[in-house]
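Student: any chance you could fold what I've pasted below:
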Amino acid sequence: MRIGELAAIVGVTTRAVRHYHHQGLLPEPERRPNGYREYTLRHAVELARIRRLTELGLGLTEVRDVLADDAGRDLVEVLAELDADLARQEAAIHERRARLRQLLAGAEEGALPDDGFVSAELAAFLGELGEIQDDSPMAVKDREMLTLIDVTAPPEARAELMTSLAGAFAAPGAADAARAVYARLDALADAAPDDPRVAEAARALAAWLLADLPTPDGTDRTDRTDGPDRTGRPALFAAFLADFSPAQAEAVRLAVRLATEGGAT
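Tutor: This is a model prediction of the structure:
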């Protein structure tokens, strides 16, 4: 059969057939004396397999690996991995649709919930901290940072964040300690970076929370340094600090160093 007939039988374009030839996925057939390719049933079967695998979401490199194994062992393995990936995507879509339904419900009532764009876990956590955060400008910024991390971080980093937050607030008196730290940082709004209160706020912040929290990009604090030539801060953390006063930013930087060096106590 000719290339057009083959493409029509399998349901692809002739351009796709030529592309699969170029990629080495579909073997080149013998040619007639007039130069036209002569395709056989074997080519139709191989082309149908390629189409099916690409429809399932496999890339051409994965398709090539599958076709290279006549026993089909790799096919089972790759399809199992694909099924697991689709299951994760399905779960993520289900979660996003659930959050969207919450937003729609709020919109129908005339107002969107403040925490409608964050995970249910962080929304519950922020709800518990409402009284702590409502009267502190620094706490509001902290809330915005947590929201941004929650929205942008991968599921593993988000789970680590929530575990750290829960641990930090599980100890008796944690709420009072949080209020005290926020008050110290708020008091630095108009202070100079070399104000003695900066070091005091940094020690309090490191002891209260930072030693148990991951960095904003999810990496281990002990792998980071802070110096004139290598700050070690991710762009997100730098943007977070840029919204603070100079004294507040210096207090947070110092707290990170104290937590990293184990000097928070």
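
Student: from Arg179, how far off is Ala68?
Tutor: Ala68 is 64 Å from Arg179, where distance means Cβ to Cβ, to the nearest Å. The way it works is simple: take the backbone N, C-alpha and C, and place the C-beta from them, glycine included.

Student: which of those two has more residues huddled nearby?
Tutor: Just comparing Ala68 and Arg179: by other Cβ atoms under 10 Å the higher neighbour count belongs to Arg179, 16 against 10.

Student: I'd assumed that one was in a strand, is it?
Tutor: No: read with DSSP: H, G, I helix; E, B strand; the rest coil, Arg179 is helix and lies in no strand.

Student: how close does it sit to Glu38?
Tutor: Where Glu38 is concerned, Arg179 sits at a distance of 82 Å (Cβ to Cβ).

Student: ok, Ala251 next?
Tutor: Ala251 is 78 Å from Glu38, by Cβ to Cβ.

Student: also Val256?
Tutor: With distances taken as Cβ to Cβ, Val256 is found 70 Å from Glu38.

Student: same thing with Pro27?
Tutor: Applying Cβ to Cβ to Pro27 and Glu38 gives a distance of 12 Å.

Student: just Ala199 next, same as before
Tutor: As judged by Cβ to Cβ, Ala199 and Glu38 stand 83 Å apart.

Student: quick one: the host helix or strand of Ala48 to chain centroid distance?
Tutor: Using DSSP states H and E, Ala48 maps to helix 41-55. A distance of 35 Å separates the centroid of the chain from that of helix 41-55, by Cα atoms, centre = their mean, to the nearest Å.

Student: and that helix, what does it pack onto?
Tutor: Helices and strands in packing contact with helix 41-55 are listed as helix 3-10, helix 14-22, helix 60-68; criterion 3 or more Cβ pairs under 8 Å, 6 or more residues apart in numbering; DSSP states H and E.

Student: any chance of JSON lines for these, columns distance to Asp135?
Tutor: Listed next are the helices and strands packed on helix 41-55 as JSON lines, based on distance: least, Cβ to Cβ, whole Å:
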{"stretch": "helix 3-10", "distance to Asp135": "68"}
{"stretch": "helix 14-22", "distance to Asp135": "63"}
{"stretch": "helix 60-68", "distance to Asp135": "55"}
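
Student: so what are the domain limits for the chain?
Tutor: 3-68, 74-113, 120-261 (automatic domain parsing).

Student: mean pLDDT for the ones you listed - can I get that in CSV?
Tutor: Output for the domains of the chain, formatted as CSV (pLDDT from 0 to 100):
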stretch, mean pLDDT
domain 3-68, 88
domain 74-113, 70
domain 120-261, 72
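
Student: enumerate every residue touching Pro29.
Tutor: By Cβ atoms under 8 Å, 6 or more residues apart in numbering, Pro29 lies in contact with Arg37, Glu38, Tyr39, Thr40, His43.
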